[in-house]
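A.B. asks: model the structure of this input:
(one chain, ligands or ions: 1)
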Amino acid sequence: MADDEIPDLVPALETGIVDEPKLSSVSVAKDEPIRKIPVTIVTGFLGSGKTTLLNYILTEKHEKKIAVILNEFGESSDIEKSLSINQEGTLYEEWLELRNGCLCCSVKDNGVAAIENLMEKRGKFDYILLETSGLADPGPIASMFWLDDGLGSDLYLDGIVTLVDAKHIREYMKEKKEDTLINEALKQIAIADRIVINKKDLLNDTELQQLQNDIRDVNALADILQTERSRIPLDFVLDIQAYDIHNADTLARQTKKIEEHSSVHAHSVGHDVQTICIHFDQQLNTLEHLESWIQTLLWEKEIPGEPEQENKDDQSQVVVLRLKGIVLPPKDNNDTSGDRKRLIIQGVQDLYDIQEGFAHEQTDINDKTSKIVLIGKNLDKKRLDQSFKKWVQVENVY
Ligand SMILES: Nc1nc2c(ncn2[C@@H]2O[C@H](COP(=O)(O)OP(=O)(O)OP(=O)(O)O)[C@@H](O)[C@H]2O)c(=O)[nH]1
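C.D. replies: The predicted model follows:
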């Protein structure tokens with residue numbers, strides 16, 4: 001579809017209801033809610049078991065229609081990508097036509113449009129799993145789908161699943177590279193919402209537990225599963241809802257996990273990529289200070305309010321790969337929506353979003369602690385606490 005043929009569906013999608021569909025080939029009944037398709041990004045360093053996982057999902061019998069996009073570089077034309085679809089247990093294959101061989105690079109131009117075009121032809125999928133190449137940084141592709149959702153796409157980013165090879169991941173994590181501040185293996189772990197420690201048959205129980213602790217030091221938010229031959233329950237990769245901005249419950253549960261972890265295992269493992277959590281109990285005076293603190297951290301790559309260092313070298317640069325937060329909103333005297341209202345912060349690389357969300361049944365609404373979780377490099381908890389206290393003007397940051 002040429003750009004000038006793309007219909008203006010944005011206002012309709014914002015409300016989730018199509019009043020008057022403007023695209024003749026999309027038949028959406030009046031008042032039928034638009035069903036958006038979750039995209040899970042499956043990443044993992046070379047040989048971690050991504051293909052084994054995706055083949056397993058493709059051949060399992062289940063009721064959903066799952067499309068799997070494999071990022072293979074084979075003999076076939078580089079401008080086509082194989083897309084395998086498991087529809088209620090039957091497997092068929094399609095081709096995605098891309099201008100650029102690698103889906104990770106071409107998503108920005110036409111990857112999303114190619115998937116949407118295919119769905120017009122083949123009917124909608126229930127889920128899309130998208131494999132990135134073993135050496136890829138999943139950040140840009142995740143940002144792309146996240147951004148695209150905001151622009152009214154049919155697709156939305158559901159979450160990122162990272163597989164690691166139990167036997168080799170430790171050496172990949174330690175690898176120093178000249179051209180990048182954080183190596184890809186660490187980036188893939190840091191940005192993950194779910195982590196699969198695969199090939200568990202190659203380690204003993206103690207080694208596995210140690211590895212899991214080391215991985216948790218990098219990313220204390222993600223759910224972790226140990227597997228053999230990538231055999232995971234399907235719901236570990238589908239319906240993750242990691243970027244669901246209105247769901248305060250998942251975040252509340254995840255931040256609890258961080259506290260549990262740091263109490264038993266708080267040391268860092270020699271690569272400076274880790275998770276830290278800033279807590280405070282006071283209600284914000286204004287949102288502006290919080291926003292400018294986040295922006296300075298993400299965009300200027302420095303700790304807000306600290307004097308600029310002379311001869312600052314790249315190695316000391318602050319890098320945030322993932323940001324999540326659950327914060328009590330500033331007091332609004334006209335607001336009658338009660339105790340369940342929270343501000344939910346989501347960020348990936350230099351994109352972030354703050355929106356109002358609600359805590360549902362599972363969340364303890366008496367817990368008034370606000371939490372901001374940062375995953376990245378050179379995040380000094382003490383300095384960040386100090387900076388936050390001064391800049392955002394809250395007392396008792398811990
Ligand atoms: N021992 C052992 N081997 C496994 C396991 N899972 C997968 N393998 C093997 O590991 C190798 C790599 O698995 P793949 O699924 O191709 O890994 P990948 O992540 O797709 O690899 P790349 O395409 O190179 O990025 C294959 O030979 C698999 O048979 C496991 O749990 N244990």
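
A.B. asks: so the helix or strand hosting residue 170, near the ligand or not?
C.D. replies: Using DSSP states H and E, residue 170 maps to helix 169-174. No. Using Cβ under 6 Å from any ligand atom, helix 169-174 stays clear of the ligand, coming no nearer than 11.6 Å. (C-beta placed from N, C-alpha, C; glycine too.)

A.B. asks: from the contact counts, what lies against that helix?
C.D. replies: helix 184-190, helix 205-218 (3 or more Cβ pairs under 8 Å, 6 or more residues apart in numbering; DSSP states H and E).

A.B. asks: packing partners for the longest one?
C.D. replies: In this structure, helix 205-218 makes packing contacts with helix 169-174, helix 184-190, strand 194-198, strand 223-226, strand 273-280, judged by 3+ Cβ pairs under 8 Å, 6+ apart.

A.B. asks: what residues of that helix count as buried?
C.D. replies: Buried residues in helix 205-218, counted by 16 or more other Cβ atoms under 10 Å: 211, 212, 214, 215, 216, 217, 218.

A.B. asks: do I have it right that the fourth one meets residue 194?
C.D. replies: The reference is to residue 215. No. Applying Cβ atoms under 8 Å, one finds residue 215 not in contact with residue 194, separated by 11.8 Å.

A.B. asks: list residues touching both of the two?
C.D. replies: Common neighbours of residue 215 and residue 194, counting by Cβ atoms under 8 Å, 6 or more residues apart in numbering, are residue 224.

A.B. asks: burial measure for the closest residue to residue 47 other than its chain neighbours, as a count.
C.D. replies: Once flanking residues are discounted, residue 47 sits nearest to residue 165: 5.6 Å by Cβ to Cβ, 6 or more residues apart in numbering. A count of neighbours around residue 165, defined by other Cβ atoms under 10 Å, yields 20.

A.B. asks: same deal with residue 129?
C.D. replies: Using other Cβ under 10 Å, residue 129 has 26 other residues around it.

A.B. asks: the strand or helix carrying it close to the ligand?
C.D. replies: Here residue 129 sits within strand 127-131, counting by DSSP H and E. No. If you take Cβ under 6 Å from any ligand atom as the test, strand 127-131 misses the ligand, and the best it gets is 7.5 Å.

A.B. asks: would you mark the buried spots in the following helix or strand past that strand?
C.D. replies: Next in sequence after strand 127-131, counting helices and strands by DSSP H and E, comes helix 138-150. For helix 138-150, burial by neighbour count (16+ other Cβ under 10 Å) applies to 138, 139, 141, 142, 143, 144, 145, 146, 148, 149.

A.B. asks: from those residues, pick the one nearest the ligand.
C.D. replies: Closest approach between the buried residues of helix 138-150 and the ligand, by Cβ to the nearest ligand atom: residue 138, at 12.9 Å.

A.B. asks: residues contacting the closest one?
C.D. replies: 41, 43, 132, 160, 162, 187, 188, 191.

A.B. asks: list the beta-bridge partners for the fourth one.
C.D. replies: What that stands for is residue 160. Judged by DSSP bridges, the bridge partners of residue 160 are residue 41.

A.B. asks: my read: it touches residue 195, true?
C.D. replies: No. Judged on Cβ under 8 Å, residue 160 makes no contact with residue 195 at a distance of 9.5 Å.

A.B. asks: coming back round to it: show me what the strand holding residue 129 is packed against.
C.D. replies: Here strand 127-131 touches strand 37-44, helix 50-59, strand 65-69, going by 3+ Cβ pairs under 8 Å, 6+ apart.

A.B. asks: what does the helix holding residue 170 rub up against?
C.D. replies: Residues contacting helix 169-174 (Cβ under 8 Å, 6+ apart): 45, 48, 183, 185-186, 189, 197, 211, 214-215, 218, 269-271.

A.B. asks: tell me the pLDDT at residue 154?
C.D. replies: We have a pLDDT of 78 for residue 154.

A.B. asks: setting aside sequence neighbours, what's the nearest residue to it?
C.D. replies: The nearest residue in space to residue 154 (Cβ to Cβ, 6+ apart) is residue 116, at 5.3 Å.

A.B. asks: circling back to that earlier point, mean neighbour count and mean pLDDT added to the helices and strands packed on helix 205-218, as CSV?
C.D. replies: Listed next are these as CSV, based on neighbours: other Cβ atoms under 10 Å; pLDDT from 0 to 100:
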stretch, mean neighbour count, mean pLDDT
helix 169-174, 18, 91
helix 184-190, 26, 94
strand 194-198, 25, 98
strand 223-226, 18, 96
strand 273-280, 21, 92
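
A.B. asks: with distance to residue 295 added, can I get those in a markdown table?
C.D. replies: Listed next are the helices and strands packed on helix 205-218 as a markdown table, based on distance: least, Cβ to Cβ, whole Å:
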| stretch | distance to residue 295 |
| --- | --- |
| helix 169-174 | 30 |
| helix 184-190 | 20 |
| strand 194-198 | 28 |
| strand 223-226 | 29 |
| strand 273-280 | 16 |
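
A.B. asks: would you tell me which of these gets closest to residue 331?
C.D. replies: Comparison of the helices and strands packed on helix 205-218 against residue 331 by Cβ to Cβ identifies strand 273-280 as nearest, at 14.8 Å.

A.B. asks: got the buried residues for the helix or strand just after that closest one?
C.D. replies: Once the chain leaves strand 273-280, the next helix or strand it forms, by DSSP H and E, is helix 287-295. Residues of helix 287-295 classed as buried: 289, 290, 293, 294 (neighbour count, 16+ other Cβ under 10 Å).
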